[in-house]
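> A predicted structure for the sequence below; I have some questions about it.
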Amino acid sequence: MVSACGNNTATGTGQSAAPPAAPPAAQEPTSTVPSTATPTTKQTVSVYGQQYTCDQLIGGTCDSNYQYDFNKWGDKMQSFIMASNDYSSLAHIEQQAKARLGFFACEIIERGQGIDSYVKPVQNDYPEIPASNLTDMFNVAQQRLCAVKYGDRVVP
């Protein structure tokens with residue numbers, strides 16, 4: 001399970017750690033970027049012409065961390081999902097899982113961490129997805145979902 005800080009919950013110091021929080025219903029990676037604002041209205045984004053709230057997009061309750069991700073990167077979700085569907089290794093992953101995995105990749109990227117900080121926690125939750133496929137997912141997220149634009153050029 002991806003912990004609140006994206007690392008294993010064991011401290012490795014011999015000290016007892018606080019018990020981990022109950023896992024989400026489907027053992028999905030949890031969002032870890034703190035929210036700085038409480039939304040007053042439900043924002044929506046369009047994916048393939050259908051409007052989605054954060055809850056609908058990720059397929060569960062959108063806590064403040066996922067809401068932060070949704071508010072920051074949700075408007076690029078269609079481009080991300082379309083690009084991920086171009087990879088045969090990712091086409092079989094359902095849209096809600098892609099949204100959660102994409103947001104998690106963006107959190108890792110935003111913290112300045114690399115692919116290794118993404119693959120291991122995600123493989124704990126999705127052991128059926130090979131590391132090479134997760135590398136593809138991370139790269140597509142970096143290029144389409146949370147790319148940084150400098151002037152006229154986009155830098156993943």
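Okay, I see it.
> for the lengthiest helix in the chain, which positions count as buried?
The helix that spans the most residues within the chain, counting by DSSP state H, is helix 95-110. For helix 95-110, burial by neighbour count (16 or more other CB atoms under 10 Å) applies to 95-109. For every residue, glycine as well, the C-beta is placed using N, CA and C.
> stretch 60-75 too?
Those would be 60, 62, 65-74, for stretch 60-75 by 16+ other CB under 10 Å.
> just for this protein, where's the confidence low?
1-41, 148-156 (pLDDT under 70).
> which stretches in it count as helices?
Using DSSP H, the helices of the chain run over 54-58, 64-73, 77-85, 95-110, 116-125, 131-140.
> now those in JSON lines, with distance to Val47?
Listed next are the helices of the chain as JSON lines, based on distance: least, CB to CB, whole Å:
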{"stretch": "helix 54-58", "distance to Val47": "7"}
{"stretch": "helix 64-73", "distance to Val47": "12"}
{"stretch": "helix 77-85", "distance to Val47": "5"}
{"stretch": "helix 95-110", "distance to Val47": "7"}
{"stretch": "helix 116-125", "distance to Val47": "21"}
{"stretch": "helix 131-140", "distance to Val47": "15"}
